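Asker: output the structure for:
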Amino acid sequence: MQTGARYCIRCGGRLERRPIEGRSRLVCVACGDILYQNPLPVASALVLSERRELLLVRRRQEPQKGMWCLPIGFAELGETIAEAALRELREEAGLEGRILGLLDTDSYRSDFYGDLLIVTFEVAKTGGSERAGDDADDVRYFPLDAIPPLAFEANEKALAACLARHRDEWAIGDSFRDLQAGRPGVLLSDALVRSVEAEAELIAEAWLSVIRTHRSTPAYRRLREGPLREHAQGAIRRFTHWIGDEGAGDSSGAFFRAAGAERRAQDVPLDQALSALSLLRKQIFLSARAGGVWAKPLEAYRVLELDRRILLFFDRAMVHLARGYADPSFRER
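Answerer: From the prediction side, this is the model:
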């Protein structure tokens with residue numbers, strides 16, 4: 001709250017404090033006008049680079065001289081609070097920008113200015129070049145894991161809100177790029193792969209129940225359950241190891257060629273063997289997606305990503321299974 005006012009801005013009469021509307025307010029003793037004192041509006045802009053680095057400026061003046069902060073300053077008459085944020089970005093950091101959204105509002109008590117209302121927007125850079133100006137003597141991008149102490153708590157709160165807003169989006173984007181690049185062990189669906197591995201016995205049992213009754217696999221009704229169950233568990237293990245090792249030392253090809261040769265020897269038609277393998281793939285997917293994993297976009301992506309990895313593996317498995325039929329003399333070493 002601003003202080004120091006002594007005279008009425010309407011008639012020049014003396015001001016005195018009186019209890020009004022549950023607060024102590026300044027009132028003109030001559031005309032009775034109330035001097036309402038409101039917090040000053042402050043606008044700040046949070047800009048992230050394409051590499052997810054945070055734009056900060058170093059303060060040239062007090063308060064908090066020499067510390068880093070978001071481009072920030074008072075809103076002026078005739079502009080909206082969003083326009084003020086873009087103007088401060090231009091004046092302090094040399095950049096033109098576009099408002100992406102409101103991040104945070106915060107109240108702050110300043111010994112210099114009194115009560116402030118700080119409004120922070122996320123802003124996309126649209127032009128200009130980074131250069132310090134106005135109340136800043138330096139401008140720089142910082143990695144999100146190396147942010148220096150910030151001058152204002154409101155900046156820290158806005159940054160936290162920004163990170164929370166983008167957390168799932170970035171996680172999905174990073175995981176998708178890693179999937180495309182074939183980098184193992186860093187994908188969102190890795191947790192689901194581990195759950196598949198842990199549930200291998202249950203998945204195999206469910207698959208066994210399906211193929212013994214499914215109309216596309218009648219030949220499996222006369223095969224012994226024990227070897228079928230072991231084969232299903234072996235296929236699941238090779239799937240999880242293939243994902244974890246990025247194919248290094250992959251024995252799945254030999255495994256499925258041997259399975260093809262064995263099914264041919266058992267007079268199982270190729271189309272039924274391929275159908276049984278497809279049903280195992282489906283059972284793995286159903287196990288992974290159980291438990292309400294579609295509740296959030298990130299969880300939905302996690303399951304869809306795993307489905308893609310399952311398809312990649314079982315497409316290869318089907319090719320090797322068919323090769324086993326073509327070469328019945330093959331034996332797994």
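Asker: quick one: the helices in the stretch 1-150 of the chain, in order.
Answerer: 81-93 (DSSP state H, counting those that start in this stretch).
Asker: tell me where it has strands.
Answerer: Using DSSP state E, counting those that start in this stretch, the strands of the stretch 1-150 of the chain run over 15-20, 23-28, 34-35, 40-47, 53-59, 68-69, 72-74, 95-110, 114-128, 136-143.
Asker: residues making contact with the helix or strand of the chain with the lowest mean pLDDT?
Answerer: Within the chain, no helix or strand scores below strand 34-35, which has a mean of 79 by mean pLDDT, DSSP states H and E. Identification of contacts with strand 34-35 by C-beta atoms under 8 Å, 6 or more residues apart in numbering yields 5, 8-9, 15, 20, 25-28. The way it works is simple: take the backbone N, C-alpha and C, and place the C-beta from them, glycine included.
Asker: mind giving me the PyMOL select for those residues, buried ones only?
Answerer: The following PyMOL line selects those of these that are buried, judged by 16 or more other C-beta atoms under 10 Å:
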select buried, resi 8+15+25+26+27+28
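Asker: CSV please, covering the contacts of strand 34-35 and showing pLDDT.
Answerer: As requested, the contacts of strand 34-35 are exported to CSV (pLDDT from 0 to 100):
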residue, pLDDT
Ala5, 78
Cys8, 87
Ile9, 83
Leu15, 89
Ile20, 83
Arg25, 85
Leu26, 86
Val27, 88
Cys28, 89
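Asker: closest to Tyr113 out of the contacts of strand 34-35?
Answerer: Checking the contacts of strand 34-35 against Tyr113 with C-beta to C-beta, the nearest one is Ala5 at 14.8 Å.
Asker: which residues touch that closest one?
Answerer: Contacts of Ala5 by C-beta under 8 Å, 6+ apart are 15, 26, 35, 37.
Asker: quick one: which of those is nearest Gln272?
Answerer: When the contacts of Ala5 are compared against Gln272 (criterion: C-beta to C-beta), the nearest one is Gln37, at 83.2 Å.
Asker: what does the closest one show for phi and psi?
Answerer: The phi/psi pair for Gln37 (degrees, to the nearest 10) reads phi -110, psi 120.
Asker: go ahead and confirm it touches Ser24.
Answerer: No. Using C-beta atoms under 8 Å, Gln37 is not in contact with Ser24, being 10.7 Å away.
Asker: higher neighbour count, those two?
Answerer: Neighbour comparison, Gln37 and Ser24: the larger count goes to Gln37, with 14 against 10 (by other C-beta atoms under 10 Å).
Asker: Leu15 versus that one, what's the distance?
Answerer: Gln37 sits 11 Å away from Leu15, going by C-beta to C-beta, to the nearest Å.
Asker: and what of Asp111?
Answerer: Distance of Asp111 to Leu15, computed by C-beta to C-beta: 23 Å.
Asker: what of Glu76?
Answerer: From Glu76 to Leu15 the distance is 26 Å (C-beta to C-beta).
Asker: just Gly22 next, same as before
Answerer: When Gly22 is compared with Leu15 (using C-beta to C-beta), they lie 19 Å apart.
Asker: quick revisit: of all the contacts of Ala5, which comes closest to Glu156?
Answerer: Nearest to Glu156 among the contacts of Ala5, with distances taken as C-beta to C-beta, is Gln37, at 27.2 Å.
Asker: what's the mean pLDDT across stretch 177-189?
Answerer: Stretch 177-189 shows a mean pLDDT of 78.
Asker: would you mark the buried spots in that stretch?
Answerer: 178-179, 187-189.
Asker: what do Gln37 and Leu15 both touch?
Answerer: What both Gln37 and Leu15 touch, as defined by C-beta under 8 Å, 6+ apart, is the set 5, 26.
Asker: residues in contact with the residue nearest to Ala30 when sequence neighbours are not counted?
Answerer: Leaving aside its chain neighbours, Ala30 sits nearest to Gly13 (2.9 Å; criterion: C-beta to C-beta, 6 or more residues apart in numbering). For Gly13, the contacting residues are 7, 28-31, by C-beta under 8 Å, 6+ apart.
Asker: in TSV, list those residues along with distance to Ala276.
Answerer: Below are the contacts of Gly13 laid out as TSV (distance: C-beta to C-beta, whole Å):
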residue	distance to Ala276
Tyr7	92
Cys28	91
Val29	95
Ala30	96
Cys31	92
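Asker: give the buried subset of those as a PyMOL selection command.
Answerer: Remark: buried members of the contacts of Gly13, expressed as a PyMOL selection using 16+ other C-beta under 10 Å:
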select buried, resi 28
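Asker: what helices or strands is the one helix or strand Leu321 maps to leaning on?
Answerer: Using DSSP states H and E, Leu321 falls within helix 297-326. Packing partners of helix 297-326 (3 or more C-beta pairs under 8 Å, 6 or more residues apart in numbering; DSSP states H and E): helix 153-181, helix 190-198, helix 225-245, helix 252-265, helix 270-289.
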